[in-house]
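Asks: Mind looking at a prediction? Sequence and model below.
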Amino acid sequence: GDLLSGGFMRVVWRNACALAADTSAGDAPARLRALVRAAGAIGEFPAEHPYFARAMLKPWLNQSPRVADKRFIMGEMVGRLGDPRLNRTAWLGIRRELETAFPSEPTGEMIEHLRFWLVENAVHQFLDVVDHDADPEQWPYRKAFWLSYLKAGHVKDAWVVFGPAAADRARDLTESKSSGQLYADLSGGYEPSQSVLLMRIDNLIVGDWSHTGQCRFWTVDSTAGQKLTNDDGSWRDRYSATQLRTLDVHQPAIKAKAEARARADRFRARRPDHEEAHSGAKSFTWQRTFNEVIGELTDFRVQFEYDSLYPHERNTAWDPIRRSARTL
């Protein structure tokens with residue numbers, strides 16, 4: 001009855017969260033699922049959300065959860081507290097409250113773990129959905145290329161934009177029924193199964209289209225690049241196809257400095273915003289071009305071992321730990 005929403009149950013819930021937070025990684029999966037079942041029985045305590053976040057994240061400070069457990073945690077966190085890539089204000093409040101209550105704990109590191117899991121999930125979600133009807137002559141190379149950037153730690157944020165048919169398939173592949181929507185909706189695409197993977201790589205926003213679509217590169221300071229995010233830098237929950245194809249022709253991205261103009265002059269359009277088709281995959285043509293574009297606009301490049309990155313008999317991403325003398 002009314003006791004379930006009273007102060008006593010609020011104290012019980014906070015203590016249950018504290019017990020789960022201090023659980024070892026080995027016992028955490030069962031304890032966290034029990035905590036979620038308890039939440040279903042006694043209801044929500046919005047004021048206690050920071051303690052729920054701590055319970056779900058603290059056990060994994062020194063050990064990454066299994067894939068199934070990671071998806072369960074992401075689903076519960078996004079469904080109940082919102083996506084930190086979208087709802088930055090709410091998560092800033094959660095971080096501040098936990099830093100005040102537990103000043104000796106690495107709260108920021110815990111939240112960054114969740115954010116990285118969501119970024120990792122976005123990239124793999126895009127690849128899994130597009131794999132369903134992708135071109136087998138082209139897609140393995142695109143998958144290996146972006147996974148190499150993800151593994152090298154250069155993808156700082158990622159967000160998937162699905163057309164209607166692709167969104168249906170994404171929901172079919174989702175294991176956690178309680179999860180929030182982990183993608184944006186695409187309108188105005190040529191095909192309902194088209195999708196776009198948006199990534200932040202340093203000062204760039206990269207938008208790679210599925211099927212035979214081109215890849216586009218925006219600088220975060222460009223007019224078109226700024227329209228891809230909300231005022232606080234978070235991703236939008238809906239995009240139009242036109243919006244994800246628009247570039248700022250002849251608009252320098254870095255305050256028109258001579259250095260920026262010199263870099264832009266290296267590309268045929270003479271602009272930092274750039275688009276490129278995925279041509280010549282087996283000869284690594286577009287891969288070299290993409291790497292060059294990213295390198296010119298961010299001052300770093302992923303060093304590829306091309307012979308081992310895209311062997312035709314196996315499609316695996318480059319392991320940044322193993323490097324040979326033969327690099328780009």
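Replies: Structure's in. What do you need?
Asks: and the nearest residue to Ala241 once chain neighbours are set aside, how many residues sit next to it?
Replies: Residue nearest to Ala241 in three dimensions, not counting chain neighbours: Gly188, with 4.0 Å by Cβ to Cβ, 6 or more residues apart in numbering. Placement of C-beta: from N, CA and C, glycine included. Neighbours of Gly188 under the rule other Cβ atoms under 10 Å: 13.
Asks: For the stretch 151-300 of the chain, just list every one of the strands.
Replies: 155-162, 184-187, 195-201, 204-209, 215-219, 238-240, 274-276 (DSSP state E, counting those that start in this stretch).
Asks: returning to what we had before: how far away is the residue nearest to Ala241 from Ser279?
Replies: Distance from Gly188 to Ser279, counting by Cβ to Cβ, to the nearest Å: 25 Å.
Asks: just Phe8 next, same as before
Replies: Per Cβ to Cβ, Phe8 is found 66 Å from Ser279.
Asks: Same check on Glu112?
Replies: Going from Glu112 to Ser279 by Cβ to Cβ gives 37 Å.
Asks: got it, and Gly153?
Replies: In terms of Cβ to Cβ, Gly153 sits 28 Å off from Ser279.
Asks: Equivalent analysis for Leu81, please.
Replies: In terms of Cβ to Cβ, Leu81 sits 43 Å off from Ser279.
Asks: Counting neighbours, go ahead and name the busier of the two.
Replies: Neighbour count, other Cβ under 10 Å: between Leu81 and Ser279, Leu81 has more, with 20 against 11.
Asks: Tell me, how many residues neighbour the nearest residue to the more buried one once chain neighbours are set aside?
Replies: Excluding its sequence neighbours, the residue lying closest to Leu81 (Cβ to Cβ, 6+ apart) is His49, at 5.4 Å. Applying other Cβ under 10 Å, we find 20 residues neighbouring His49.
Asks: Wait, a strand at His49?
Replies: No - assessed with DSSP: H, G, I helix; E, B strand; the rest coil, His49 is helix; it does not lie in a strand.
Asks: got a list of what it touches?
Replies: For His49, the contact set (Cβ atoms under 8 Å, 6 or more residues apart in numbering) comprises 80-81, 94.
Asks: Which of these fall within helices?
Replies: Using DSSP state H, 80-81, 94 are the members of the contacts of His49 that sit in helices.
Asks: quick check, nearest of those residues to Thr289?
Replies: Comparing those against Thr289 with Cβ to Cβ places Leu81 closest, at 40.4 Å.
Asks: Verify the stated contact: that closest one with Arg95.
Replies: No - the criterion here is Cβ atoms under 8 Å, and Leu81 misses it with Arg95 at 11.5 Å.
Asks: Count the neighbours of the residue nearest to Ile205 when sequence neighbours are not counted for me.
Replies: Among residues not flanking Ile205 along the chain, Trp218 sits closest, at 4.6 Å (Cβ to Cβ, 6+ apart). Trp218 has 28 neighbours, counted by other Cβ under 10 Å.
Asks: Could you tell me how far the spatially most central residue of the chain is located from Gly225?
Replies: In the chain, the residue lying closest to the centroid (Cα atoms, centre = their mean) is Val119, at 2.2 Å. Distance, Val119 to Gly225, by Cβ to Cβ: 18 Å.
Asks: quick check: mean pLDDT across stretch 210-218?
Replies: The average pLDDT for stretch 210-218 rounds to 88.
Asks: what does it contact?
Replies: Contact with stretch 210-218 is made by 126, 130, 134-135, 138, 166, 191, 193-197, 204-209, 224-225, 228, 244-245, 247-248, 272-278, 286, 290, 293-294, 297, as judged by Cβ under 8 Å, 6+ apart.
Asks: With only the CA atoms kept, save it in PDB.
Replies: The C-alpha trace of stretch 210-218 is given here as PDB (Å, rounded to 0.1, in the frame of the first residue of the first chain):
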ATOM      1  CA  SER A 210      25.000   2.000 -45.500                       C
ATOM      2  CA  HIS A 211      24.400   0.300 -48.800                       C
ATOM      3  CA  THR A 212      26.200   2.200 -51.600                       C
ATOM      4  CA  GLY A 213      26.000   5.500 -49.800                       C
ATOM      5  CA  GLN A 214      29.000   7.800 -49.400                       C
ATOM      6  CA  CYS A 215      30.800   8.700 -46.200                       C
ATOM      7  CA  ARG A 216      30.900  12.300 -45.200                       C
ATOM      8  CA  PHE A 217      33.200  14.200 -42.800                       C
ATOM      9  CA  TRP A 218      32.100  17.400 -41.000                       C
END
